[in-house]
Structures are given as structure tokens and as C-alpha cells.
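Undergrad: Need a 3D model of the following:
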Amino acid sequence: MISLLATINSGDTAWILTATALVLFMTMPGLALFYGGLVHAKNVLSVMAQCAGIACLASVLWVVALYSLAFNGGGDGSWIGNLDKAFLNGVTTETTGGGDIPETLWIMFQMTFIIITPALYVGAVVERMKFGAIMLFTALWITLVYTPVCHWVWGGGWLGEMGVRDLAGGIVVHATAGVSALVMAIMLGKRRGFPKSPKPPHNPGMVFIGAAMLWVGWFGFNAGSQVSAGQGAGMSMLVTHLSAATAALVWALLERVLNGKSGLVGMVTGLIAGLATITPAAGDVGPMGAICIGAIAAVVCYYSVSLIREKLAIDDSLDVFAVHGVGGILGTILLVFFGQERFLGIDFGGLGHVKPIGEQLGIQLTALGVTIVWSAVATVIIMLIVRMTIGVRVSDEDEAKGLDSAEHGENAYSELP
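TA: Numbering: from 1, shown residues only. Take a look at the predicted model:
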């Protein structure tokens, strides 16, 4: 995807500069606040520290080696890139990447994706996983899971050559992180008192603020993935917004019908489900398709939360798999149908419509199957490595005390609510 000494398009560059900032805004502060509001008051800072630590760690490793492995040496249906651009060797202010933007900007834009992806699985293990364990797990995970899948889909690898459609990460981001979150939650075990003792969010207002930031930042995520300031970016932004809005409304309606009240936390959870589900499809569907996808996302993810939390009693604490994993997988499949021209699918920027339903569905399911198995197996191995080296779970005493104090020596509040 990298060419040398090409002409820089100032309009595209300006947009991707903005989109890059928006995607980073999704993790810090968006996801940190969203997750922070959902946990107990005694664990707020631990969640924020994990998001911050992951952002810093992923940034350095991306430049040292992972960018080169993900995006250099592809184009031949390969399984992994090479290390020719390790430490950004050969990258100058004149080289371009991802189109007609500076390669330095392309590196930075893609860096924000490798930041937010592992930050997502934090939500599955909050309030009981060691900070050091999260950091070691993340270093191994982004190397063994994220980078290869990124190369397969976006870096000239074999899935991209096959014709998989995944504009902004239904497979690369949400399927990988969601599946790994579920495996981590199972292997780590439940929080003390789960599921008998309900653990309501300590600050729903903080949850709302974080979700609002995620909504805004997601425009950089999806519209920025068009890597241009053209018609594709405009349509991707519109369909992203419509899917999110529809999913929030349908989720609120489901809660009203089934529980008698529509909660704010539920509404913004639906919002995030709509965003996750439209992510792979935002380059193929039109406005009506986006509304349909948002509605389907709300229903499927709502019942997935119930299945995981209540029926299976798995303590995926903040519903990462049910919302992000299921949403990303669902959107990757739904784009096959709503991306068809007869269903008002859109040909963005002359890239062509999705292939006929049977052919494209086979490609999408192949990509999902391989990614899910790869993510699950690698996560098991990484968790075992971390467990055998530094350990993964805090002591019962530290869990009861709260990770803010036990792990970081600080408290978010002078008096815990």
C-alpha cells in the first residue's frame, strides 16, 4: 500500500490529520471514561491507567516493528509482512502511504487503530486483572494477533487478495478484540460475587460522556478509513451516524418493552453496538442499509448481552464480546446483503460493489472463521504465558480493596461513593 515520492494531496492530508486525532480521542479519553463510569468507584483509575498504558505501549511497538510487519512487504497474498521498515527505516517526509497522504501520517493513522483495539478487551477483565499482566498480554497480543490479521486484511495479505470487505475493522478490530475478550474473561474467572451481587455503574453520567466521545471519534474511524476527503468519506460518516442513532433508539425501546424503563446506560450501549456493527460495512452500504443494520445490531447485541451474562454466567464485565465482538461479526456478514446494489448499496469512489451474495458471503465467513480461531487460540497461549510468568489476577484482598489503591496507590475520589 506504500508508494514512494508521489504527490501529496493537501485536502486528503488535512482530513486524515483530523481523523487521526478523532480516533485517538476514542481511546483517550472516550473509552477510558466510558469504561471508567461502568466500574466501581474504587477501580476507575485502574481502567484509565490500562487505557493509557496500552496507548503508549502500542505506539512504541508499532514504530519499532509492527507497522513494517503489517503494511510492508505485502501485495502477494502473504501471511505477514517484513521488517524492512522496522524503526521506520526508509520513511521520509516525501514518501506516501495509504494513498496520496504522507507516509508519516499513514503510520500515525494506523497507529490509532492498534491503540484502540487492545483497549477494547480491557472491559472484559476490569476490577481483577493486574496492570502488569495487561501490559505484558497486550505486547504479545498486538504482535501475535492484531498485526497478522491487519496484514491479512489491509496490508496486502491473503484475505485482502481474496476480496474481503472490511472498511474500518469489523474483522481486524472488533472480531479480534471481542473474541479475545471472551476467552480472557473465561480464563481469568469471575469477579467476587458475580453474578449474585449486582454491580451497577458507579457513574452513568461518565458513561454517557465517554460514549458521546466515542460517537464523535468514530467518524474518524470509519470516514477516515476512506483515506480521502471525497464522497466516500461523506457517505461513511452519514451511515455511521444513522446506524448508531437507530441502534440507540431500538435498544431503548427493547428496555422499555421488556423492563418498563429505558436506561441511559442501555441507550448508549446500543449506540456503541450500532457503531461497532456499521464499522466493516460503512464503505458499502447506503443510508437505508445503515438504518437496517443499526436496528438489527441493537436486537442481536441486546440478547447477546443477556446470553453471555445471564445464561452462560460468563463475567465479560462490560459486555465487550456481546457488543464489540458480536457487532463486528454481524456487520461483516450484513454488508454482504445491504451492500448489494439492489439493496441500495453504494459504489464508493469507484471501488466497485460487493461481489454476488454467495461469493462474497463465502469470503466474509472464511475471514471471520480464520480470525476467530486465530484470536482464540493465540489468546489462550498468551494468557498461559502471562499466568506462568507474572500472574494475571490480583489477590482477593486487593480486589476487595480496589485496584486504584492496590495497583496504583491513588484514588479517583477522596471519599468513595
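
Undergrad: hey, where'd the helices end up in the stretch 51-200 of the chain?
TA: 67-71, 103-121, 131-141, 147-154, 158-162, 176-188 (DSSP state H, counting those that start in this stretch).

Undergrad: Same question for the stretch 301-417 of the chain.
TA: 320, 326-338, 357-389, 396-401, 403-408.

Undergrad: got the residue ranges for the strands in the protein?
TA: 2-3, 96-97, 101-102 (DSSP state E).

Undergrad: what are the pairing partners of the last one, and which direction each?
TA: Looking back up the chat, that one is strand 101-102. Partners of strand 101-102 in the sheet, by DSSP bridges, are strand 96-97 (antiparallel).

Undergrad: could you give the mean pLDDT of the strand it pairs with?
TA: Averaging pLDDT along strand 96-97 gives 88.

Undergrad: Same check on stretch 167-184?
TA: pLDDT averaged over stretch 167-184 gives 98.

Undergrad: so how far does it reach from one end to the other?
TA: End-to-end span of stretch 167-184 (CA to CA, to the nearest Å): 27 Å.

Undergrad: what residue ranges in the stretch 251-400 of the chain score low on pLDDT?
TA: Flagging of the stretch 251-400 of the chain using pLDDT under 70 yields the residue ranges 344-352.

Undergrad: and what of the stretch 1-150 of the chain?
TA: For the stretch 1-150 of the chain, the ranges with pLDDT under 70 are 1-6, 74-76.

Undergrad: redo that, cut-off 90
TA: 1-7, 73-78, 93-99 (pLDDT under 90).

Undergrad: one step back: arrange the helices of the stretch 51-200 of the chain in TSV, one row each, with mean neighbour count and distance to residue 408 as further columns.
TA: All C-beta spots, glycine's among them, are computed from the backbone N, C-alpha and C. Below are the helices of the stretch 51-200 of the chain laid out as TSV (neighbours: other CB atoms under 10 Å; distance: least, CB to CB, whole Å):
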stretch	mean neighbour count	distance to residue 408
helix 67-71	26	30
helix 103-121	24	17
helix 131-141	20	7
helix 147-154	26	29
helix 158-162	18	40
helix 176-188	25	19
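
Undergrad: and residue 216, which of those helices is closest to it?
TA: Of all the helices of the stretch 51-200 of the chain, it is helix 103-121 that lies closest to residue 216, at 13.8 Å by CB to CB.

Undergrad: picking up where we left off before, can you add distance to residue 254 and give the helices of the stretch 51-200 of the chain back as CSV?
TA: Below are the helices of the stretch 51-200 of the chain laid out as CSV (distance: least, CB to CB, whole Å):
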stretch, distance to residue 254
helix 67-71, 38
helix 103-121, 23
helix 131-141, 33
helix 147-154, 32
helix 158-162, 34
helix 176-188, 21
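
Undergrad: For residue 36, which of those is the nearest?
TA: Taking the helices of the stretch 51-200 of the chain one by one with CB to CB, helix 103-121 is closest: 12.1 Å.

Undergrad: How far off centre is that closest one?
TA: 10 Å (CA atoms, centre = their mean, to the nearest Å).

Undergrad: got the CA positions of it in CSV?
TA: Coordinates of each C-alpha in helix 103-121 appear next as CSV, following Å, rounded to 0.1, in the frame of the first residue of the first chain:
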residue,chain,number,x,y,z
GLU,A,103,3.6,8.0,5.0
THR,A,104,4.2,9.5,8.4
LEU,A,105,0.5,10.4,8.6
TRP,A,106,-0.5,6.9,7.4
ILE,A,107,1.7,5.4,10.1
MET,A,108,0.1,7.6,12.7
PHE,A,109,-3.5,7.0,11.5
GLN,A,110,-3.0,3.2,11.6
MET,A,111,-1.3,3.6,15.0
THR,A,112,-4.5,4.8,16.5
PHE,A,113,-6.2,1.6,15.4
ILE,A,114,-3.6,-0.6,17.1
ILE,A,115,-4.2,1.6,20.2
ILE,A,116,-7.9,1.3,20.5
THR,A,117,-8.2,-2.4,19.5
PRO,A,118,-6.5,-3.9,22.6
ALA,A,119,-8.0,-1.2,24.8
LEU,A,120,-11.4,-2.7,24.0
TYR,A,121,-10.7,-6.0,25.8
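
Undergrad: No more questions from me, cheers.
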